[in-house]
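Trainee: Sequence and computational prediction follow.
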Amino acid sequence: MKKVLLLSLTVLSFISHAQDKKAKDMEAIKSMEGCYKVTFDFAETFSPDTSYEYHENYSSWGIEYVFPVEETENKISLQHILVVNDTFIVKHWRQDWIYENQNILAFQKEKTWKNITIPKDKAKGTWTQKVFQVDDSPRYEGYGTWVHVDGKHYWEGTADAPLPRREFSKRSDYNVTTRHSRIELTEYGWILEQDNEKIIRENGEDKLLCWEKGHEKFISGDYDCQPAIDWWEENNQYWNDVREIWAETFDKNETIKFKKTVEDKKLFQMLFAAGDKYANEDYDQKKAKKEIREIINSFIAS
């Protein structure tokens, strides 16, 4: 009887510890919400090719509003909106955090993503960070464990991704970015630290072009995010429906490959144009969802 009791207490203690750990994880993720000055700094650091000509460092900054658009027992979705020059709004990236997720939409190359399964034992206790582009199309997904030790709170994950937006239209000498990401809460807000491999992927083999170091610092302060709040209030119904249609698309396609353009327009251009059309008080959800679905389907290559 004593052995049974001790075993029961051990199991209960383990469950309690796991619940406490998950609660700390969720608190850390939600700590990324807020109004920030965000700085972007990137520099190429090493290449195995001694003749490689390093590209110039990249730096920029803006005001970014990070806020929740969905929260459930096992999921937190954070939308980023960038405010440029006080009034110009850029619907920026979105990050979904899913607990013990077993499905990853993995980037391959050339605008192609493939659904892969994470074994249950490897997914246990982890959080998957699913990152989406400005039009809520896929970008990259990686998973790892949040760590809370010695007053530090951080998460690390690795994922293949397309070229970053700052280089997408400027570079053709590599086609995959392998991102080694570390997100850490700081006294000033939080930081996304990156060690990126710029990869040439051909015939199933990867060749390293160069390494890159990156810092995205989110600095809390008395910044004006009201333009972003106002924009979202006016446009959130449309973008909620965009997310819903994308979720349907991900679920029914094992592999998704996108066309570069349709009718000489890019995907984000068509979705944002539709969004501008439906951004009013008399939102016609049925009509909007029909157009969203038609746009997305038109970009999926057979």
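Mentor: Received the coordinates, thanks. A quick note: this is a predicted structure, and the numbers were derived from the prediction, not measured. Residues are numbered from 1 along each chain as shown.
Trainee: Phi first, then psi, for Thr117.
Mentor: phi -110, psi 130 (degrees, to the nearest 10).
Trainee: Average pLDDT for the lengthiest strand in the chain, rounded please.
Mentor: Ranked by residue count, the top strand of the chain under DSSP state E comes out as strand 205-220. Average pLDDT, strand 205-220: 98.
Trainee: Report the strands that pair with that strand, each with its relative direction.
Mentor: With DSSP bridges as the test, strand 205-220 is paired with strand 34-46 (antiparallel), strand 189-202 (antiparallel).
Trainee: Just the angle for the following helix or strand past it relative to strand 34-46, thanks.
Mentor: Sequence-wise, the next helix or strand downstream of strand 205-220 (DSSP states H and E) is helix 226-252. With axes from the mean of the first three to the mean of the last three CA atoms, to 10 degrees as the basis, helix 226-252 and strand 34-46 are set at 60 degrees to each other.
Trainee: My guess is Leu78 contacts Arg94. True?
Mentor: Yes: because the distance of 6.8 Å satisfies CB atoms under 8 Å, Leu78 is recorded as touching Arg94. In short, each C-beta sits where N, CA and C put it, glycine included.
Trainee: Quick check: neighbours shared by these two?
Mentor: Counting by CB atoms under 8 Å, 6 or more residues apart in numbering, the common neighbours of Leu78 and Arg94 are Val69.
Trainee: in this structure, which helix or strand is least confident?
Mentor: Lowest mean confidence among the helices and strands of the chain (mean pLDDT, DSSP states H and E): helix 2-30, at a mean of 68.
Trainee: what's the average pLDDT for stretch 106-116?
Mentor: 96.
Trainee: What residues of it count as buried?
Mentor: Buried positions in stretch 106-116, judged by neighbour count with 16 or more other CB atoms under 10 Å: 106-107, 109, 111, 113.
Trainee: As CSV, could you dump the C-alpha coordinates of that stretch?
Mentor: Only the C-alpha atoms of stretch 106-116 are listed here, as CSV (Å, rounded to 0.1, in the frame of the first residue of the first chain):
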residue,chain,number,x,y,z
ALA,A,106,8.6,22.6,-43.4
PHE,A,107,10.1,24.8,-46.0
GLN,A,108,11.9,22.9,-48.8
LYS,A,109,13.0,25.5,-51.4
GLU,A,110,11.5,27.4,-54.3
LYS,A,111,8.3,28.5,-52.6
THR,A,112,7.5,24.9,-51.5
TRP,A,113,6.5,23.7,-48.1
LYS,A,114,5.8,20.1,-46.9
ASN,A,115,3.8,18.8,-43.9
ILE,A,116,6.0,16.6,-41.7
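Trainee: and Phe67, what are its phi and psi?
Mentor: Dihedral angles (degrees, to the nearest 10) for Phe67: phi -150, psi 160.
Trainee: How about Ala274?
Mentor: Residue torsions, per degrees, to the nearest 10, at Ala274 are phi -60, psi -40.
Trainee: Check what pLDDT it gets.
Mentor: In this model, Ala274 carries a pLDDT of 95.
Trainee: for the one 5 residues further on, same thing?
Mentor: Model confidence at Ala279, expressed as pLDDT, equals 79.
Trainee: I'd guessed it sits against Trp239; true?
Mentor: No: look at Ala279 against Trp239 with CB under 8 Å: they stay out of range, at 9.8 Å.
Trainee: between those two, which one's more packed in?
Mentor: Trp239 (20 against 16; other CB atoms under 10 Å).
Trainee: List the contacts of the more buried one.
Mentor: Per CB under 8 Å, 6+ apart, neighbours of Trp239: 91, 136, 275.
Trainee: do the same with Leu192
Mentor: 181-183, 214-216, 218.
Trainee: Apply 10 Å and report the result again.
Mentor: 32, 38, 40, 95, 179, 181-184, 214-218 (CB atoms under 10 Å, 6 or more residues apart in numbering).
Trainee: before we move on, what about Asn236?
Mentor: 69, 79, 279, 283.
Trainee: how close does the last one sit to Asn236?
Mentor: This means Tyr283. 10 Å (CB to CB, to the nearest Å).
Trainee: Ok, the first one next?
Mentor: Distance of Val69 to Asn236, given as CB to CB: 8 Å.
Trainee: Mutual contacts of the two, please.
Mentor: Jointly contacting Val69 and Asn236 under the rule CB under 10 Å, 6+ apart are Gln79.
Trainee: So what's the residue count around Ile180?
Mentor: I think there's a mix-up here, since residue 180 is His and not Ile. 15.
Trainee: Check Glu71 too.
Mentor: Around Glu71 there are 14 residues (other CB under 10 Å).
Trainee: Next: Val66.
Mentor: For Val66, using other CB under 10 Å, the count is 23.
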